[in-house]
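[1] coords please:
(one chain, ligands or ions: 1)
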Amino acid sequence: MAERPRDRAICLYATDFSETSQVVHLLTREHGVVHLLAKGSKRARSATGGRIDLLSTGEVVFIPSRGTTLGTLTEFTEAANHSPLRKRLAALNGALYMLEITRMLLAEGDPHPPVYDLLAAALDRLDRPDAPTAAVLAYFQWRLLLHVGLLGEMGRCLNCGRPLDRRGTYFTSREGGMLCRDCEGGWTEKRQVGGEALAGIAAMTAMQRRQPASLTEPQALAVLDLLTYHLSYQLGRSPRMFRYVHPAGRH
Ligand SMILES: [Zn+2]
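    Numbers count the residues shown, from 1 in each chain. I've put the predicted structure just below:
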């Protein structure tokens with residue numbers, strides 16, 4: 001019999017496959033992103049407990065895909081549906097944005113347990129009515145980029161190593177880090193980084209060192225804007241949900 005791993009999972013994407021079945025993309029903790037056929041999942045009394053929604057979090061048993069054949073979801077036991085965040089549009093859009101950038105950055109079958117933990121924690125946080133959505137998203141995106149190796153030198157100039165200066169700091173996506181005003185002339189692809197973003201980055205760096213810090217909403221939005229510019233440049237396309245989570249709209 002084929003090996004049937006058991007794992008924790010968050011549903012990143014779900015689409016109808018037939019009258020009764022779905023294809024789901026799940027972020028599992030130990031097996032990374034898996035694409036699975038959920039046979040009969042739209043029936044209420046199926047082994048997967050009914051239709052699987054985006055964001056739904058639970059325990060799964062599955063038969064992994066082989067070659068070009070989809071894997072099969074054999075069991076899904078939902079632990080959290082995240083219904084509190086679904087009731088607030090800003091939190092729901094934020095959650096869907098996190099799912100989208102996770103799908104953009106993680107390839108199938110490439111496990112990143114810390115990313116699973118990060119996403120699970122961020123969704124739990126958005127379930128709380130007082131959650132600062134922009135700060136949750138900025139923190140998640142920062143850590144996600146860090147885990148996949150895209151976040152470079154954010155604390156000083158990547159060229160000369162000098163500390164960052166409010167009066168003239170730039171970010172280059174190609175190198176994935178900061179440039180001071182004396183060095184920025186050598187780079188064509190760059191964008192200026194304002195005071196709110198710098199303050200937000202300082203807070204983010206402190207949090208990474210487990211020091212107490214928090215971001216104001218303008219700081220979180222400025223960091224999110226910068227990180228999404230970076231992600232869009234790196235991947236050659238922008239996350240579609242960005243315009244629903246940021247007033248700047250698009251990259
Ligand atoms: Zn420099």
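
[2] Looking from the ion, tell me which residue of the stretch 1-150 of the chain is nearest.
    Of the stretch 1-150 of the chain, the residue with the smallest distance to the ion, taken as C-beta to the ion, is Leu150 at 20.8 Å. (Each C-beta comes from the backbone N, C-alpha and C, glycine too.)

[3] Share the number of residues neighbouring the nearest residue to Thr169 once chain neighbours are set aside, please.
    Excluding its sequence neighbours, the residue lying closest to Thr169 (C-beta to C-beta, 6 or more residues apart in numbering) is Val193, at 4.6 Å. Neighbours of Val193 under the rule other C-beta atoms under 10 Å: 23.

[4] same question, Arg4
    Quick note: Arg4 (other C-beta under 10 Å) scores 13 neighbours.

[5] With the one 10 residues further on instead?
    Other residues within reach of Ala14 by the criterion other C-beta under 10 Å amount to 19.

[6] and it, which of the three is it?
    Of the three states, Ala14 takes strand under DSSP: H, G, I helix; E, B strand; the rest coil.

[7] wait, doesn't Glu30 sit right on Asp7?
    Yes - when contacts are counted by C-beta atoms under 8 Å, Glu30 is listed as touching Asp7 (5.2 Å).

[8] For the two, indicate the residue with more neighbours.
    Asp7 (18 against 13).

[9] Run through who's touching the lengthiest helix in the chain.
    Scanning the chain for the helix with the most residues, using DSSP state H, yields helix 217-235. The contact list for helix 217-235, computed with C-beta atoms under 8 Å, 6 or more residues apart in numbering, reads 101, 104-105, 132, 134-135, 137-138, 141-142, 145, 150, 171, 173-174, 176, 189, 191, 193-194, 196-197, 199-201, 203-204, 215, 238-239, 242, 245-248, 251.

[10] Kindly give a single ChimeraX line that selects the buried subset of the residues you listed.
    Burial among the contacts of helix 217-235 is assessed by 16 or more other C-beta atoms under 10 Å; the matching ChimeraX selection reads:
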select :101,104,105,132,134,135,137,138,141,142,145,150,171,173,176,191,193,196,197,199,200,201,203,204,215,238,239,242,245,246,251
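
[11] pLDDT of whichever strand or helix holds Leu119, averaged?
    Using DSSP states H and E, Leu119 maps to helix 113-126. If you average the pLDDT over helix 113-126, you get 97.

[12] Could you list the buried residues of that helix?
    For helix 113-126, by 16+ other C-beta under 10 Å, it's 115-116, 118-120, 122-123, 125-126.

[13] ok now the longest helix of the chain, how far from the chain's centre?
    Helix 217-235 sits 12 Å away from the centroid of its parent chain (C-alpha atoms, centre = their mean, to the nearest Å).

[14] Next: stretch 207-226.
    16 Å.

[15] what's the span of that stretch, first residue to last?
    18 Å (C-alpha to C-alpha, to the nearest Å).

[16] Also stretch 173-193?
    Start-to-end, stretch 173-193 (C-alpha to C-alpha) is 12 Å.

[17] In helices, which of the contacts of helix 217-235 fall?
    Going by DSSP H, the helices hold 101, 104-105, 134-135, 137-138, 141-142, 145, 196-197, 199-201, 203-204, 242, 245 from these.

[18] Near the ion, which residues of the stretch 51-200 of the chain are found?
    157, 159-160, 180, 183 (C-beta under 5 Å from the ion).

[19] Mind picking the two most distant members of these?
    Asn159 and Cys180 (7.4 Å; C-beta to C-beta).

[20] what separates Asp110 from Val148, distance-wise?
    9 Å (C-beta to C-beta, to the nearest Å).

[21] Between the two, point out the one with more neighbours.
    Val148 (17 against 12).

[22] For the more buried one, list the residues it contacts.
    With C-beta under 8 Å, 6+ apart, Val148 has these contacts: 105-106, 112, 115.
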